[in-house]
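Undergrad: I would like the atomic coordinates for the input below:
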Amino acid sequence: MKSILTQIFQIRFLLLTVLLITTNCASSQTSKKEDQKKPNIIYILADDLGIGDVSLYNEKSKIQTPNLDKMGKEGMQFTDAHTSSAVCTPTRYGILTGRYNWRTPLKEFVTWGNSPSLIQKNRLTVAQLLKDNGYKTASIGKWHLGLNWTMKNDSPEFDHFSDKSERLNFKNIDYSKPLKFGPNDMGFDYSYMISASLNMPPFVYIENNKATMIPTKITERSRKKYPFSSWIKGDVADDFKHEEVLPNVVNKSISFIKENANKEKPFFMYIPLPSPHNPVLPIAPWKGQSEIGSPYADFVIMIDDLMGTIFKTLKEQGIDENTIVIFTSDNGYATTNDLKTLKQQKHSPSYIYSGYKGSFLEGGHRVPFLVKWPGKIKPNSVSDATICTTDFMATCADIINYDFKDNEAEDSYSMLPLLTNEGDYLRDATIHHDKYGVFAIRKGDWKLIVSPNSGISASGETKKHKDILADEILYNLKTDIKERNNVAGQFPEKVKELKELLSQQIRNGRSTPGKKQDNDAITGEWPQANFAFKK
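TA: Prediction:
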C-alpha cells in the first residue's frame, strides 16, 4: 500500500515540477518578448544649433539639412519646443533628471571641465531608470555636467557641485585613475565622452569613467587669431584632435548600434554632440560646401550628413521600425559663431524669433525638436504643443510603465500622448531660465519675464543692460511673436496670475503634482528668485 501511495506521490511531484519548469520557461520567454517589444531609444542633442538652422523650420534658410528634414517628415515636428535653460549645462541636467536645473546649486551659467558633478549621487537619471528596466545604456559625446576626478597631492575633492567658483586644480587631476563619480555611476553601461564643451580643457577622451590617454602637452588656440575656432589653454592628450571629435562621436555611436541591434535587451543612447558649438571645425568633404561661404554653415551641413549615417545604420540593422529617435538642441544659436556673416547672407539662425543663446527671449530656448517612431507616429505630423526638454524622462517612464516617486523627475511631463495621439499631455506651464538666472514663465499664449534687470541684455549679449527694463515684462506670443510690446500694464491680473504660479512652482520644489520637495540650494544670494520667497 505504501509503495503505491509513494509512487502516486512521486508521479504528482514530477508532474508539478514539470509544470513549474514549463511555466517559468514560458514566463522567461514572455519577459524576453516584452523586452524585445520595448523600443530602442536614441536622444541626439546638438550644441548651440538654432531653430532656424534646420531648413524644415526655416523656409528662408540658407543652410539645407535634408536628413533632418526627412526625419521630421517621417515623424513629428514640434514647433513650440523649449530647453529648460538658454545655456547648455542646465539643459543637460534637465534632460537626464527630468528636473529644472535652477533647483540645483547652479543658479546661472555652466560648469567647466574641472567642475565637480552637478548630478548628485542620490538623484535618479533617465539612464538609471531605463537600465533598471532592462535597457542597455550608453552616453557618447559631450558631457558638460561636471565630473568627480580623482585628485593627487592631497588636493581637495568634492562630492558634488556646490558653487560655480569651486573648480578642481588641473595640475592635481590624476588622469591615470578612474573618475570617482561619472556617467557609469549614473546608469550608463557604456560611456565615451569629452568632459565639457570642445573649447574647454581638459582635452581628453573619457571612456567608461577613465581617460583613454594621459595628457602630456598643453594646447591653446587664441580667439584673436581664430575668432570662431578657438579654445582655452589646457591639457591635451596625444589621441585628441579637435577636428576629429565630432566624427569620433558619430563613429562610436554607430558601433554601439551595430553591437546592440537585435539583442534581447533594447538599448538607450544619449548622444550629446559637441557641435556646432565653438570651435567651428568643419573638415573635408564638408569644408567649403555651403552656398553662403560660412564655416558655421559647413559645420551644420556636416552634422546633418553624419545624422544621415546614423539613420542609415538603423535601417541597415533592421531596427528603425522599433527605435525612437529624438533630435533637438541644448539652446539657441550662439552669437559667437560668426553671426555677422550669416546676417550678411540673409540667414537667420533664430528664424522669426528674437534673441539668441543665453537670452530669456524665444531665440534663446525655442529649439528644433524632431521625433521619429515608425508605426507609432504618423508621418508628417506637426505638434504645436508647448513642450520642454525636461519631459524626456517622464516620456520614457510612460513607455515602460514606471511610476515616479515624489523625489524623482519633479518637472517632467510625458509627451507620449502627443506622439501617439492617445491621452492628454498634462503640462500647463513652462518655466524658462536665462544665462544669468532670470526667470520667465509661459502659459498658453502668455509669457511673463520677472526681474530682467538681474541678468543680461535681452539680445543674449553678456553685457549688462544699458537701459533699465520694467520689473515685469508680459508678452502675448500669439500677437507678438517677436516680443516687442510689453503689455504688463494692460493686463495686471495676468501678470499677477503668472507671477504667483511661478513663485509657487519655485517654492514647491516641483511643477508636477506630488509632495512638496526641497530645492537643493536656496541659501545665499539668489536675486533672480527673491520674488518667489517674499511673504
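
Undergrad: Give me the pLDDT for residue 447.
TA: Residue 447 carries a pLDDT value of 98.

Undergrad: again with residue 456
TA: Taking residue 456 on its own, its pLDDT is 54.

Undergrad: Please apply the same query to residue 347.
TA: Residue 347 is assigned a pLDDT of 97 by the prediction.

Undergrad: Next, count neighbours for it.
TA: 23 (other C-beta atoms under 10 Å). C-beta here means a position set from N, CA and C on the backbone, and glycine is covered the same way.

Undergrad: for it, what are its contacts?
TA: 52, 60-63, 292, 294, 297 (C-beta atoms under 8 Å, 6 or more residues apart in numbering).

Undergrad: same question, residue 317
TA: 257-258, 261-262.

Undergrad: same deal with residue 370?
TA: If you count contacts by C-beta under 8 Å, 6+ apart, then residue 370 has 54, 56, 68, 71-72, 75-78, 326-328 around it.

Undergrad: Report whether it is found in a strand, as I expect.
TA: Yes - residue state for residue 370 (DSSP: H, G, I helix; E, B strand; the rest coil) corresponds to a strand.

Undergrad: what sits opposite it in the beta ladder?
TA: residue 77, residue 327 (DSSP bridges).

Undergrad: State the distance from it to residue 266.
TA: 21 Å (C-beta to C-beta, to the nearest Å).

Undergrad: can you check residue 86 too?
TA: In terms of C-beta to C-beta, residue 86 sits 33 Å off from residue 266.

Undergrad: same question, residue 60
TA: Taken as C-beta to C-beta, the span from residue 60 to residue 266 is 40 Å.

Undergrad: and what of residue 201?
TA: Counting by C-beta to C-beta - residue 201 and residue 266 are separated by 36 Å.

Undergrad: Same question for residue 302.
TA: For residue 302, the distance to residue 266 - C-beta to C-beta - is 30 Å.

Undergrad: same check, this time on residue 365
TA: Taking C-beta to C-beta, one finds residue 365 at 31 Å from residue 266.

Undergrad: Those two - which one has more neighbours?
TA: residue 365 (33 against 22).

Undergrad: per-residue confidence at the closest residue to residue 429 other than its chain neighbours?
TA: Closest residue to residue 429 apart from its sequence neighbours, by C-beta to C-beta, 6 or more residues apart in numbering: residue 443 at 4.2 Å. pLDDT, residue 443: 98.

Undergrad: need the contact list for residue 400.
TA: 38, 129-130, 133.

Undergrad: right, I mislabeled it, should have said residue 71
TA: Contacts of residue 71 by C-beta under 8 Å, 6+ apart are 307, 311, 325, 327, 370, 372.

Undergrad: Recalculate using a threshold of 7 Å.
TA: Counting by C-beta atoms under 7 Å, 6 or more residues apart in numbering, residue 71 touches 311, 325, 327, 370, 372.

Undergrad: who wins for neighbours among the residues you listed?
TA: Result: residue 327 is most packed of these (other C-beta under 10 Å), 28 neighbours.

Undergrad: is it true that that residue touches residue 68?
TA: Yes - counting by C-beta atoms under 7 Å, residue 327 touches residue 68, with 6.3 Å between them.

Undergrad: Find the residues that touch each one of those two.
TA: 307, 370.

Undergrad: re earlier: can I get the contacts of residue 71 in CSV with distance to residue 432 and pLDDT?
TA: Shown next, in CSV, are the contacts of residue 71 (distance: C-beta to C-beta, whole Å; pLDDT from 0 to 100):
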residue, distance to residue 432, pLDDT
311, 31, 97
325, 26, 98
327, 21, 98
370, 21, 98
372, 27, 98
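
Undergrad: Which parts of the stretch 1-150 of the chain are helices?
TA: 2-37, 66-74, 88-97, 126-132 (DSSP state H, counting those that start in this stretch).

Undergrad: helices and strands of this protein: which one has the lowest mean pLDDT?
TA: Least confident helix or strand, the chain: helix 2-37 with a mean of 51, by mean pLDDT, DSSP states H and E.

Undergrad: next SSE after the strand or helix carrying residue 448?
TA: Element membership for residue 448, per DSSP states H and E: strand 446-450. Next along the chain after strand 446-450, taking DSSP H and E as the criterion, comes strand 472-476.

Undergrad: Would you list the buried entries among the contacts of residue 347?
TA: Buried members of the contacts of residue 347, scored by 16 or more other C-beta atoms under 10 Å, are 52, 61-63, 294, 297.

Undergrad: who's in contact with stretch 242-258?
TA: Outside stretch 242-258, the residues touching it (C-beta under 7 Å, 6+ apart) are 138, 140-141, 190, 192, 194, 198, 231, 269, 271, 273-275, 279, 281, 283, 306, 309-310, 313-314, 317.

Undergrad: ugh, typo on my part, it should be stretch 113-131
TA: When contacts are defined by C-beta under 7 Å, 6+ apart, stretch 113-131 is touched by residues 89, 93, 96-98, 104, 106, 111, 137, 139, 145-148, 158, 160-161, 166-168, 170, 181, 186-189, 195-196, 200-202, 268, 270, 392-393, 396-397, 402, 408.

Undergrad: Going by neighbour count, which of the residues you listed are buried?
TA: 89, 93, 96-98, 104, 106, 111, 137, 139, 145-148, 158, 160-161, 166-168, 181, 186-189, 195-196, 200-202, 268, 270, 392-393, 396-397, 402, 408.
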